[in-house]
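Visitor: generate a structure from the sequence data that follows.
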Amino acid sequence: MGYIDEVTKDLYNYMPPLTGKDDLDAFWKATLEQAMEVPLHPERTEVAYPSKHVKVYDISYNGMDETRIHGWLIVPTFLKEASYPCLIHYHGFTGSRGEPSELMHWAMMGMAVLSVDCRDQGGPTGNSASYSHGFLSNVASKGVQNKWEYYYRYVYMDSLKAIDFACAQAEIDPGKIIIEGGSQGGAIGMAVAALDDRPKAALVDVPSNSNLVSRIEGNHGAFGAVAEFLKRHPDQTDLVLDNLSYFDTMNLADRITCPVLASVALKDETCPAQMYFATYNRIQSKKEIIIYPFNGHEGGGARQTEVKLAYLAKHFGDWYE
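Guide: Residues are numbered from 1 along each chain as shown. Below you'll find the predicted structure:
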């Protein structure tokens, strides 16, 4: 047995008790129905870009509550196909849709690329949602007192509606959607794959939002804000933890039907590998995980990007022929 096998063998047996409530299915059914009632109103404007091989569009659409979600759409021009596969990118915590140049390796594969903001973070997207209470430190604690108001309820739906935007574009084949992201983006990828059957694969790195009680107990990453909230409001502990259970990807994992390529890093204290295995071990679809034993929250970085590109070529190469 090699080193990585030895130090990770217990991870594959890590199955903390699920925290999902009896009305979990009903909650997400109602949430999806509410989100789908909001008209998409997609818009796109081509922007000048110093390459003749792609077209770049500044895009926006209505999220769950008519918050305008902003993003980039990149469409290759060097292939003859009229309809391209599309990779949808979800960014990490406090990030944004990024810059088009950061997404060009996907376009190089002959795919359209859609990169979208999370509301209230580092990009141009705001937040039209109403909240009954305040929050501490960061948006991970926003709305924790009411599951219907919780921040990630909106983000998960905004991100799912990105698929609606992609499928509405004439250049994109709606039957060839891949979702991808790291950290918060990895959590979103897991949630979207669980709540929508359109993605054909989910590529997720150092994912967040898994085994949330342990994340809060350990004060790990963004969910340290929830621990800080509970320090001030200990009487609300059960309420908050119950509310967060609806957004914990380990409670949604058995819904995932598409293949999953994941990665974790064993020195990651922001999104500890063990926390994600609580989700990974419950995925019933085809899955694979890459483990970086001495990396932190940066994960595999460019090396993992190469892994993902090779994975797409191996499993979806016929899309580009």
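Visitor: low-confidence stretches in this protein?
Guide: Low-confidence segments of the chain (pLDDT under 70): 80-81, 320-321.
Visitor: so V116 makes contact with H70?
Guide: Yes: counting by Cβ atoms under 8 Å, H70 is a contact partner of V116 at 7.3 Å. Where C-beta positions appear, they are placed from N, C-alpha and C, glycine not excepted.
Visitor: so for these two, which sits in the more crowded spot?
Guide: Between V116 and H70, counted using other Cβ atoms under 10 Å, V116 has the larger neighbour count: 29 against 20.
Visitor: thinking again about what came up before, which residues do V116 and H70 both contact?
Guide: Residues touching both V116 and H70 (Cβ atoms under 8 Å, 6 or more residues apart in numbering): R97.
Visitor: helix or strand: which one has the residue nearest the centre of the chain?
Guide: Against the mean C-alpha coordinate of the chain, by Cα atoms, centre = their mean, the closest residue is I188 at 2.1 Å. Per DSSP states H and E: I188 is located in helix 184-195.
Visitor: packing partners for the helix or strand that that helix is followed by?
Guide: Going down the chain from helix 184-195, the next helix or strand is strand 199-205, by DSSP H and E. Here strand 199-205 touches strand 172-182, helix 184-195, strand 260-265, helix 301-316, going by 3 or more Cβ pairs under 8 Å, 6 or more residues apart in numbering; DSSP states H and E.
Visitor: partner strands of strand 199-205, with direction?
Guide: The strands beside strand 199-205 in its sheet (DSSP bridges) come out as strand 172-182 (parallel), strand 260-265 (parallel).
Visitor: got those as a markdown table, with mean neighbour count and distance to F165 columns?
Guide: Converted to a markdown table, these look like this (neighbours: other Cβ atoms under 10 Å; distance: least, Cβ to Cβ, whole Å):
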| stretch | mean neighbour count | distance to F165 |
| --- | --- | --- |
| strand 172-182 | 22 | 9 |
| strand 260-265 | 24 | 23 |
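Visitor: save the ones you listed as a markdown table, and put in distance to K9 too.
Guide: Converted to a markdown table, the strands paired with strand 199-205 look like this (distance: least, Cβ to Cβ, whole Å):
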| stretch | distance to K9 |
| --- | --- |
| strand 172-182 | 25 |
| strand 260-265 | 14 |
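Visitor: find the nearest non-adjacent residue to H133, please.
Guide: Leaving aside its chain neighbours, H133 sits nearest to Q145 (4.9 Å; criterion: Cβ to Cβ, 6 or more residues apart in numbering).
Visitor: helices of the stretch 1-150 of the chain, start to end?
Guide: Listed in chain order, the helices of the stretch 1-150 of the chain (DSSP state H, counting those that start in this stretch) span 3-8, 24-37, 104-108.
Visitor: ok, the stretch 201-321 of the chain next?
Guide: Using DSSP H, counting those that start in this stretch, the helices assigned to the stretch 201-321 of the chain run over residues 212-217, 224-232, 237-244, 273-280, 301-316.
Visitor: and the second one, what does it pack onto?
Guide: Other elements packing on helix 224-232 under the criterion 3+ Cβ pairs under 8 Å, 6+ apart are helix 212-217, helix 237-244.
Visitor: mean neighbour count, these: which tops it?
Guide: Each of the helices and strands packed on helix 224-232 was scored by mean neighbour count; the highest is helix 212-217, a mean of 20, by mean count of other Cβ atoms under 10 Å.
Visitor: which elements pack onto it?
Guide: With contacts taken as 3+ Cβ pairs under 8 Å, 6+ apart, helix 212-217 sits against helix 224-232, helix 237-244, helix 273-280.
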